[in-house]
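**Student:** Build me a structure from this.
(chains A and B)
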Amino acid sequence: MSGPGHVPHHARNHRIGEEMKLRSKALAGLLATCALGLMASAAAAGTLDTVKGKGQLTCGANTGLGGFGIPDDKGQWTGLDVDVCRAMAAAVLGDAKKVKFVGLDAKNRFTALQSGEVDVLSRNTTATSSRASTLGIIFGPVTYYDGQGFLVKKKLNVSSAKDLNGASICVQQGTTTELNLADYFRSNNMKYESVAFQSEDETLKAFESGRCDAFTTDASGLYAERLRLANPDENIVLPEIISKEPLAPSVRQGDDQWYDVMTYTVYAMLDAEELGVTSKNVDDMKKSDNPNIRRLLGVEGDQGKGFGLTNDWAYNIIKQVGNYGEVFDRNVGEGSPLKIKRGVNALWNKGGIQYGMPIR
Amino acid sequence: MSDATYANQTAYLRTTPAPAEPPPALAQGPVAWARQNLFSGPVSALLTLASIAFLVWVIPGLVRFLITDAVWHADSGEVCRANQGGACWPFIWAKASFFWYGPYPESQHWRVDLVEVVGAALIVWLLWQGAPKRNVAALLFFVAFPILSFVLLRGSDWLGLPVVTTDLWGGVLVTLLVSLVGIVFSLPLGVLLALGRRSKLPIVNAICTGFIEIVRGVPFIIVLFMANFMLPLFLPEGWTPDRLLRPLVGTALFAAAYMAEVVRGGMQAMPKGQYEGAASVGLGYWQTMRLIILPQALALVIPGIVSNFISLFKDTTLVAIVGIFDFLRTIETAYNDPNWTSPTTSATGLITAAAFYWVFCFGMSRYSQGVERRLRAGRRH
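**Tutor:** Numbering: from 1, shown residues only, chains lettered A, B, ... in the order given. Now for the predicted structure:
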């Protein structure tokens, strides 16, 4: 049966397997080389000059996360992350409208940034060390400190996560959320019963039907999910946040000038809030005697020049987009259906940890 | 024997037929119909009862959700949140313009409307069998209409129409555009590929076979992903083709590869005698194909072609993964809008989407059945 040159089946399979492994390795290597090569070339071109040349900023945004990046009834993009891009366009091009938004999902967001498809990625992305170290990207200032929280029924009379000892908790299976939950209860010496489901929808439905006492996911998501419940007002979000999910915009590594533009755009918005400069009073504030405000708004000094921007860069951001507080309120805070409290996202001098580096 | 004698001898026989009795009540009317079609045997009776039970079980719930308990008027999701028994239709009204135009600027919506009306009129003219001068319609549809649509949709400064870049196109507009381009290009391309694959010229054969096999062997999502995110890596900056053009080309090529195999199936069903007959009257290769083989082969595979069109129409939803707002993506986006979130919003949106796709696909299917009946009239056994 086996003629000359006939290779036994298992040996052949083995060889094919190895070949495939080699090939896929070679392919991965090739892709990585291309990506790195392009990153270098994109960096060499200087994203700031490219953006100025195009007259338009290309921004990677979430295609549908309420409060962070989502088109409204008219198809206009709205959200906290989206407004960061608008602020950058105002700073660089003097016009917050000169942004082209590209909707990205969790899978393709980094590829889009690496390949130069977008100039900045502002899409509720958690800044983590492995992303920074392996993806060739660099994270800017945190625009929203997110973290895992709990939603409970009001009638349980629970006011803190510490009261949840012995509770049953609905959680989505196979997520970091599930791991964080285990960590939190173990480190607090508390017991809980995990009721896990495949999808977020199922999890919420289970909570609603009383299968468990509490529902857990990222806090920003909790507020949106709460609105899907039959009686949103009979449920409250507990104050404790049990994990760290700092959401930050990012750019490609190796383009420090562009990185600075992104970073100080966010800081300018924070500083404006701290100094009480809003989109409404910014023109009056130009006459202010406060040297910090005068520097911020470009009345004094050459703050913009060093970045390769005009000196009224921050004025344009505040006038056209608003300060951080305004942007927060409008998109996720009291002025929005989500009604998320400032909490840890309040300014450093108001009990939070948002701290804008000085513009001077 | 005279007639009179006959009449005398057979006086007890009728000379006229008796008037017809009506058939028994059990052989006609609704009862008979039911007996024949619904209760012809125990299995059939069981199936009928089961179906009725199923309908009784499902329909009242559907009617309640879709109509009687549904919310019809509201300014925001508040009312839908309060009333969870039924669909949240105000959500659809509020978002209708977003579903239809995507992020296309509101002041320019008339341009989209105009293109859609002209396109619909031309398609009806082209497809309606009894219409006069259908060759003029074909010329207008395949040559003038694409140019008109491009100029109108994109705009141009010297015509005084503000430019609307393709990243602002969306909704039904994009779904129709992608599927129309896919349908219009995939058939001729598919025919060419099928001819190439059956060709005896080795290079043509190898290229066509290779193309078909490679394209069919790669998931559509990967083609789209490569076209949108990997292409910019390989091309110099500023050379990258338009974001919407890339998936358009990808869709057309992808559909063409599948179409080629359907068409090839039809050509293989042609008996050898057809080729020999064509050769014997002195027809060359292209004449044989154009006049003898393709008309018969294509008519044979209409169900396959249309089913390809239908799956192409639904596959257009995949362009959403490269960040293009097709119709389904606009629906998904809209029901995540916190202004409208409610327990029933997503169901309402998805039902609407399903109805939309069904209407189009069912329409295509019905039309193709008509064409099939007409073309096969002479072949029916």
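
**Student:** Helices along the stretch 51-200 of chain A, start to end?
**Tutor:** Secondary structure of the stretch 51-200 of chain A (DSSP state H, counting those that start in this stretch): helices at A:80-93, A:109-114, A:129-134, A:176-187, A:200-208.

**Student:** Just name the most buried of those.
**Tutor:** helix A:80-93 (a mean of 28; mean count of other C-beta atoms under 10 Å in any protein chain shown). The C-beta positions use only the backbone N, C-alpha and C, and glycine is treated the same way.

**Student:** circling back: among the helices of the stretch 51-200 of chain A, which comes closest to residue B:262?
**Tutor:** helix A:109-114 (33.8 Å; C-beta to C-beta).

**Student:** do that closest one and chain B meet?
**Tutor:** Yes: residues of helix A:109-114 contacting chain B under C-beta under 8 Å from any C-beta of the partner chain: A:111-112.

**Student:** Could you export that helix as CSV, CA atoms only?
**Tutor:** C-alpha atoms of helix A:109-114 as CSV (Å, rounded to 0.1, in the frame of the first residue of the first chain):
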residue,chain,number,x,y,z
ARG,A,109,-9.1,50.6,17.2
PHE,A,110,-5.4,50.1,17.7
THR,A,111,-4.7,48.9,14.1
ALA,A,112,-6.4,52.1,12.9
LEU,A,113,-4.2,54.3,15.0
GLN,A,114,-1.0,52.4,14.1
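
**Student:** Against which helices or strands is it packed?
**Tutor:** For helix A:109-114, the elements it packs on are helix A:9-45, strand A:57-62, strand A:120-121, strand A:137-139, strand A:250-252, judged by 3 or more C-beta pairs under 8 Å, 6 or more residues apart in numbering or on different chains; DSSP states H and E.

**Student:** Run through who's touching it.
**Tutor:** A:35, A:38-39, A:60, A:102, A:104, A:117-118, A:120-121, A:123, A:125, A:131, A:135-137, A:250-252, B:229-230, B:323 (C-beta atoms under 8 Å, 6 or more residues apart in numbering or on different chains).

**Student:** what distance separates that helix from the middle of the whole chain?
**Tutor:** How far helix A:109-114 lies from its chain's middle: 14 Å, per C-alpha atoms, centre = their mean, to the nearest Å.

**Student:** got the end-to-end distance for stretch A:103-115?
**Tutor:** End-to-end distance for stretch A:103-115, by C-alpha to C-alpha, to the nearest Å: 15 Å.

**Student:** Next, the distance between the ends of stretch B:288-306.
**Tutor:** Per C-alpha to C-alpha, stretch B:288-306 runs 25 Å from first to last residue.

**Student:** For it, which residues meet the burial criterion?
**Tutor:** Buried residues in stretch B:288-306, defined by neighbour count with 16 or more other C-beta atoms under 10 Å in any protein chain shown: B:288-289, B:292-294, B:296-302, B:304-306.

**Student:** so is residue A:241 in a helix, a strand, or just coil?
**Tutor:** Residue A:241 carries the three-state label coil when classified by DSSP: H, G, I helix; E, B strand; the rest coil.

**Student:** And the contacts of the host helix or strand of residue B:223?
**Tutor:** Assigned by DSSP states H and E, residue B:223 belongs to helix B:220-225. Residues from elsewhere that reach helix B:220-225, judged by C-beta under 8 Å, 6+ apart: A:108, B:215, B:247, B:250, B:253-254, B:315, B:318-319, B:321-322.

**Student:** and with 7 Å instead?
**Tutor:** A:108, B:247, B:250, B:254, B:315, B:318-319, B:321-322 (C-beta atoms under 7 Å, 6 or more residues apart in numbering or on different chains).

**Student:** now, which of those sits nearest residue B:45?
**Tutor:** residue B:315 (41.8 Å).

**Student:** by contact count, what packs against the helix or strand harbouring that closest one?
**Tutor:** Using DSSP H and E, residue B:315 maps to helix B:302-315. Contact partners of helix B:302-315 among helices and strands, from 3 or more C-beta pairs under 7 Å, 6 or more residues apart in numbering or on different chains; DSSP states H and E: helix B:171-198, helix B:245-268, helix B:345-375.

**Student:** how far does that helix sit from the chain's center?
**Tutor:** Computed by C-alpha atoms, centre = their mean, the chain-centroid distance of helix B:302-315 equals 7 Å.

**Student:** contacting residues around the very next helix or strand once past it?
**Tutor:** Next helix or strand after helix B:302-315 toward the C-terminus (DSSP H and E): helix B:327-335. Here helix B:327-335 makes contact (C-beta under 7 Å, 6+ apart) with A:63-64, A:70-71, B:95, B:98-99, B:102, B:170-172, B:175, B:317, B:320, B:340, B:345-346, B:349-350, B:352-353, B:356.

**Student:** What subset of these is buried?
**Tutor:** Buried among the contacts of helix B:327-335 (16+ other C-beta under 10 Å): A:63-64, A:70-71, B:95, B:98-99, B:102, B:170-172, B:175, B:317, B:320, B:340, B:345-346, B:349, B:352-353, B:356.

**Student:** In chain B, which residue sits nearest chain A?
**Tutor:** residue B:103 (3.2 Å; C-beta to the nearest C-beta).

**Student:** what does chain A have sitting close to chain B?
**Tutor:** For chain A, the contact set with chain B under C-beta under 7 Å from any C-beta of the partner chain comprises A:34-35, A:38, A:45, A:63-67, A:70-75, A:100, A:102-105, A:108, A:111-112, A:115-117, A:224, A:227-228, A:230, A:232, A:336-338.

**Student:** hmm, try it at 6 Å
**Tutor:** Proximity of chain A to chain B, by C-beta under 6 Å from any C-beta of the partner chain, involves residues A:34, A:38, A:63-64, A:66, A:70-71, A:73-75, A:100, A:102-104, A:108, A:111-112, A:115-117, A:224, A:227-228, A:230, A:337-338.

**Student:** Break chain A into its domains for me.
**Tutor:** Listed domain ranges for chain A are A:47-145+A:246-350, A:148-243 (source: automatic domain parsing).

**Student:** for these, which one ends up most surrounded?
**Tutor:** By mean count of other C-beta under 10 Å, those have domain A:47-145+A:246-350 as the most buried, with a mean of 21.

**Student:** how far does that one stretch from start to finish?
**Tutor:** Start-to-end, domain A:47-145+A:246-350 (C-alpha to C-alpha) is 36 Å.

**Student:** And stretch A:142-151, by the same measure?
**Tutor:** Stretch A:142-151: ends 24 Å apart by C-alpha to C-alpha.

**Student:** just stretch B:137-152 next, same as before
**Tutor:** End-to-end for stretch B:137-152, by C-alpha to C-alpha: 20 Å.

**Student:** Buried ones in that stretch, by neighbour count?
**Tutor:** Buried residues in stretch B:137-152 (16+ other C-beta under 10 Å): B:137, B:140-141, B:145, B:148-149, B:152.

**Student:** Determine which two of the residues you listed are furthest apart.
**Tutor:** Those two in the buried residues of stretch B:137-152 that are separated most widely, counting by C-beta to C-beta, are B:137 and B:152, at 19.1 Å.

**Student:** Can you name the residues that contact residue A:327?
**Tutor:** Neighbouring residues of residue A:327 by C-beta atoms under 6 Å, 6 or more residues apart in numbering or on different chains: residue A:83.

**Student:** returning to what we had before: buried residues of the helix or strand following the helix holding residue B:223, list them for me.
**Tutor:** Moving toward the C-terminus from helix B:220-225, the next helix or strand (DSSP H and E) is helix B:231-234. Buried residues in helix B:231-234, counted by 16+ other C-beta under 10 Å: B:231-233.

**Student:** residue closest to the middle of chain A?
**Tutor:** residue A:124 (2.2 Å; C-alpha atoms, centre = their mean).

**Student:** got the CA positions of the helix holding residue B:223 in CSV?
**Tutor:** Taking Å, rounded to 0.1, in the frame of the first residue of the first chain, the C-alpha atoms of helix B:220-225 are listed here in CSV:
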residue,chain,number,x,y,z
PHE,B,220,-15.4,38.6,3.8
ILE,B,221,-14.7,40.4,7.1
ILE,B,222,-10.9,39.9,6.5
VAL,B,223,-11.2,41.4,3.0
LEU,B,224,-12.9,44.4,4.5
PHE,B,225,-10.5,44.7,7.4
